[in-house]
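> Sequence first, predicted coordinates after that:
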Amino acid sequence: MNYPKNQLAQTIIQLFELKGIKHIVISPGSRNAPLTIGFTNQKVFTCYSIVDERCAAFFALGIAQQTQEPVAVVCTSGSALLNYYPAVAEAFYSDIPLVVLSADRPQHLIGIGDGQTINQKNVFANHVLYEANLSESHLEQSAIEINKALNTSKTQCGPVHINVPFSEPLYDMVDALTVTSDVLSEEINNREIKDVSVYRDQWKAAKRKIVLVGANLPNAVEQKYLDCLATDNSVIVFTETTSNLHHESFFPSIDKIIAPLETDEFEALQPDILLTFGGLIVSKKIKAFLRNYQPKAHWHVDAKKANDTFFCLTQHFKHDVNVFFNSFFKKALTTESHYKSSLLKLKSRRGERHQQYLKEIDYSDFTVFDEILKSIPENTMLQLGNSSTIRYTQLFDLNPSLKVFCNRGTSGIDGSTSTAIGAASVHANQTVLITGDLSFFYDSNALWNNYIPKNLRIILINNGGGGIFRILPGHKNTENFDEYFETVHDLNAKSLCEMYKIDYVSTSTQDSLLETLDGFYQGNHPKLLEIFTPRKRNDEMLLNYFKFIK
């Protein structure tokens, strides 16, 4: 069996194997050759070769998103490392275990004008949980640092950076390991849950409580706790598309419910207690509501962190949500109240108006999302692009069997396609990515790899520019707006699909869309459906929607 001759590389390979790291995403380079040789010659690792480092990092992010285990990305020295930053930031804010392995020049070759060299130490300082700067001459200390980095990524669920200087020669190999490394055990924080009796009493006494749920992994919360919340008439549970929580008594499509409310209705909805768990919140309208009509208490449940999103955070329960609920619901907490019943009636009326609006409007982004979301097969993994895509999706009730993901840590349009393909590569069921045109073309190198599953389906909604800017305040249809905000274009994805051997089909009418969707999910080859919509009508349809459902 071949190993790199470099002993620091051997140390890394050993420890990654002993720590159970399985997936290694490698971008080609020379300085990282000892790592590439080491990982690709060991059968315990599944290795991927992706040239574009930005795409590679998001691809790895997608794998880690699904496996919830650390995934490594390996690059050469210099600017290659900087291309990882968008995915590193996303991993940091979305709590995804990503391990960055960057090759570097030895210290004496840095800052002297040597090629492909930058200051790599602390380059991700604000967005990693741990940084290890290794040394070829101090293998024992380097092994300790590697252990700490991998332990941190796994136990704290987030990105870490391991910077590795390599001296030449870089390509020499040996038949057997010449060093051995010890594994340091992970420090498991078995924090005991604090006495919640005081909070339980406050909860039971409150007549108006909102539970707001952000991004969650599918099946992350035990159903019995959801049922406890659902049966309490003093509790309103608002769920986002990315929460992956469903109950007939919950309130998805938050904006559809609260956007048309008047001042007196907002006052009536103002909660005494706000309980939040899960990741970041998409809805700007719920953020505005809870900032303007703050609860007396805001409690957040998360083992790692609590964001003071509504500027009224009063308590952070540092526990897994199931651990917290297990303690919190040991006694019955149902409170008599009419708080939820009035909103359930409103939810029903909004749903009726929603359907009526769809019957009355012309073909647009709005009608397209309706048809797409109804068409997706059971048990599909749904990956969503950012900007307009996630916000439109939030207005519709989804099939509860879908597993929904979106890069909401930084909410950027970069990397959505790469993330979806990485996630799909380790997911058994079909994956559907819905994305906008700017996001897709921005990340088009995502298709430049050999790991696209045959059952991947990409739905590209092409409205000829950054449609979300037509929805936001500002002067529309001016030369400045068209070029610098909306970024009007006439591109299409047909040639890209031909180059990357992806089946391509397009549509631009409601009738042809329905006909195309009928067979789109069938077959044994990756497909892309490009849907062209009227650029100057979409914003009008969406803005009128909120007036209509009122």
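That came through fine. Numbering: from 1, shown residues only.
> Find the helix or strand that F441 is a member of.
Element membership of F441 [criterion: DSSP states H and E] is helix 437-442.
> just checking, what packs against that helix?
Packing contacts for helix 437-442, counted by 3 or more CB pairs under 8 Å, 6 or more residues apart in numbering; DSSP states H and E, involve helix 416-425, strand 456-462. C-betas here are computed from N, CA, C, even on glycine.
> Show residues contacting that helix.
Helix 437-442 is contacted from outside by 385-387, 389, 413-414, 416-417, 458, 460-466, 487, 489, 491, 493, using CB atoms under 8 Å, 6 or more residues apart in numbering.
> make it 7 Å
Contact with helix 437-442 is made by 385-387, 413-414, 416-417, 460-463, 466, 487, 491, 493, as judged by CB atoms under 7 Å, 6 or more residues apart in numbering.
> Which single one of those residues is nearest to I12?
D414 (28.5 Å; CB to CB).
> hang on, N244 packs against P218?
Yes. Because the distance of 4.5 Å satisfies CB atoms under 7 Å, N244 is recorded as touching P218.
> Any idea how many residues pack against K304?
Per other CB atoms under 10 Å, the neighbour tally for K304 reads 12.
> Ignore what I typed, I meant D272.
Using other CB under 10 Å, D272 is surrounded by 17 other residues.
> how about it, what does it touch?
So D272 contacts 206-209, 295-296 (CB under 7 Å, 6+ apart).
> As CSV, those residues with neighbour count would be great.
Below are the contacts of D272 laid out as CSV (neighbours: other CB atoms under 10 Å):
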residue, neighbour count
A206, 19
K207, 14
R208, 21
K209, 26
P295, 20
K296, 14
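> Residues that sit against both of N244 and P218, list them.
K403.
> More neighbours: those two, which one.
A direct count of neighbours by other CB under 10 Å for N244 and P218 places N244 higher, at 22 against 14.
> Could you pull up the residues touching the more buried one?
Residues near N244 by CB under 7 Å, 6+ apart: 216-218, 403-404.
> Can you say which of those residues are buried?
216-217, 403-404 (16 or more other CB atoms under 10 Å).
> ok, longest helix in the chain?
In the chain, assigned by DSSP state H, the helix with the most residues is helix 339-360.
> What's the first helix or strand after that one?
helix 365-375.
> and which of the contacts of N244 is nearest to V160?
Once CB to CB is applied, the member of these that ends up nearest V160 is L217, at 20.7 Å.
> Specify the local secondary structure of that closest one.
Classification of L217 by DSSP: H, G, I helix; E, B strand; the rest coil places it in coil.
> Buried residues in stretch 87-99, which are they?
Neighbour-count burial for stretch 87-99 flags 87-99 (criterion: 16+ other CB under 10 Å).
> Could you dump those residues into CSV with pLDDT and secondary structure added?
Output for the buried residues of stretch 87-99, formatted as CSV (pLDDT from 0 to 100; DSSP: H, G, I helix; E, B strand; the rest coil):
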residue, pLDDT, secondary structure
A87, 98, helix
V88, 98, helix
A89, 98, helix
E90, 98, helix
A91, 98, helix
F92, 98, helix
Y93, 97, helix
S94, 97, helix
D95, 97, coil
I96, 98, coil
P97, 98, coil
L98, 98, strand
V99, 98, strand
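> hmm, back to that, would you turn the helices and strands packed on helix 437-442 into TSV with mean pLDDT, distance to T380 and mean neighbour count?
Converted to TSV, these look like this (pLDDT from 0 to 100; distance: least, CB to CB, whole Å; neighbours: other CB atoms under 10 Å):
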stretch	mean pLDDT	distance to T380	mean neighbour count
helix 416-425	98	11	29
strand 456-462	97	8	24
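> got CSV for the ones you listed, with distance to P165 too?
Formatted as CSV, the helices and strands packed on helix 437-442 follow (distance: least, CB to CB, whole Å):
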stretch, distance to P165
helix 416-425, 28
strand 456-462, 38
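> could you say what helices and strands the longest helix of the chain packs with?
strand 235-239, helix 254-258, helix 538-549 (3 or more CB pairs under 7 Å, 6 or more residues apart in numbering; DSSP states H and E).
> how about those in a markdown table, adding distance to I21, mean neighbour count and mean pLDDT?
Conversion of the helices and strands packed on helix 339-360 to a markdown table gives the following (distance: least, CB to CB, whole Å; neighbours: other CB atoms under 10 Å; pLDDT from 0 to 100):
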| stretch | distance to I21 | mean neighbour count | mean pLDDT |
| --- | --- | --- | --- |
| strand 235-239 | 34 | 24 | 97 |
| helix 254-258 | 38 | 21 | 96 |
| helix 538-549 | 44 | 17 | 90 |
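> Neighbours of R291, how many?
Residues within reach of R291, counting by other CB under 10 Å, total 12.
> Skipping adjacent residues, who's closest to it in space?
Excluding its sequence neighbours, the residue lying closest to R291 (CB to CB, 6 or more residues apart in numbering) is F310, at 5.3 Å.
> Break down the stretch 1-150 of the chain into its strands, ranges please.
Here the stretch 1-150 of the chain has its strands, by DSSP state E, counting those that start in this stretch, at 3-4, 23-26, 46-49, 71-75, 98-104, 130-133.
> Would you mind giving the ones you listed as JSON lines with distance to G279 added?
Below are the strands of the stretch 1-150 of the chain laid out as JSON lines (distance: least, CB to CB, whole Å):
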{"stretch": "strand 3-4", "distance to G279": "39"}
{"stretch": "strand 23-26", "distance to G279": "22"}
{"stretch": "strand 46-49", "distance to G279": "26"}
{"stretch": "strand 71-75", "distance to G279": "19"}
{"stretch": "strand 98-104", "distance to G279": "16"}
{"stretch": "strand 130-133", "distance to G279": "21"}
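> Of all those strands, which one is nearest L513?
Closest among those, using CB to CB: strand 46-49, at 34.2 Å.
> and H247, what does it touch?
226, 230.
> same check, this time on R353
By CB under 7 Å, 6+ apart, the contact set of R353 is 548-549.
> Roughly how far does it sit from D232?
Going from R353 to D232 by CB to CB, to the nearest Å gives 27 Å.
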